[in-house]
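Colleague: Predicted model and sequence below, questions to follow.
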Amino acid sequence: MLYEGLRAAATKKGWTIEGDSAAREALLSQPITITGQEDGVPVQLVRASALHTLATNAFFKPGITVPFDISTEGMTGAIAHVLGIEDVEVGDEAFDSQFRLVSKDPDALRRLLTPDVRAVIQELAAETNAFGSHFRVTESEVLRDIPLCVRAVQTVQAAAKAAALL
């Protein structure tokens, strides 16, 4: 059956699976969600569409206290720049040109973006670009594959603790 691999993965890790039924399996566009923890980090896998793509989220618990959003510059960043909307810059020219950083507290975001955090974000971007998809880091989650998401959450949490943002 279509979802045997998802069921086996959930069972092996002791994670919960929601939306798993023969009726849902027949309706290919219905989401299936697997939830658990990996190395102490809350993780959620969602089979989101009939294309059988998986979205992976790893969550900050507790969330970081400063709202922010980090993604690659891309088309949205180019349009924002044309409209005169500037993002936060951290003083690392390569990083600043590659990523769109948005926060209501730019100074806190700069404190959070230590060299280790910038490195793991660059790793997320490199791995993501290889698959032609995207990643996103916010104050509450990292969206990408499990081991890298978990490492990103752990790295960002360590920096957030050091910067008193947790």
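Modeller: Sure thing, it's come through.
Colleague: Helix, strand or coil: sort out residue 89 for me.
Modeller: Classification of residue 89 using DSSP: H, G, I helix; E, B strand; the rest coil returns coil.
Colleague: so how far is residue 78 from it?
Modeller: 16 Å (Cβ to Cβ, to the nearest Å). Any C-beta I mention is one placed from the backbone N, CA and C, and that applies to glycine too.
Colleague: Neighbour count: those two, which is higher?
Modeller: residue 89 (14 against 11; other Cβ atoms under 10 Å).
Colleague: my read: that one touches residue 96, true?
Modeller: Yes. Counting by Cβ atoms under 8 Å, residue 89 touches residue 96, with 4.5 Å between them.
Colleague: Show me the shaky parts of the chain.
Modeller: 1-3, 20-30, 48-54, 76-77, 81, 129-135, 144-146 (pLDDT under 70).
Colleague: Sketch out the strands for it, chain order is fine.
Modeller: With DSSP state E as the criterion, the chain has strands at 16-18, 32-38, 41-47, 54-59, 68-72, 99-103, 136-138, 141-143.
Colleague: Now do the third one: which elements does it pack against?
Modeller: In this structure, strand 41-47 makes packing contacts with strand 32-38, strand 54-59, helix 146-162, judged by 3 or more Cβ pairs under 8 Å, 6 or more residues apart in numbering; DSSP states H and E.
Colleague: Just send those back as a markdown table, with mean neighbour count too.
Modeller: Below are those laid out as a markdown table (neighbours: other Cβ atoms under 10 Å):
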| stretch | mean neighbour count |
| --- | --- |
| strand 32-38 | 18 |
| strand 54-59 | 19 |
| helix 146-162 | 19 |
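Colleague: can you redo those as JSON lines with distance to residue 71?
Modeller: Shown next, in JSON lines, are those (distance: least, Cβ to Cβ, whole Å):
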{"stretch": "strand 32-38", "distance to residue 71": "23"}
{"stretch": "strand 54-59", "distance to residue 71": "14"}
{"stretch": "helix 146-162", "distance to residue 71": "13"}
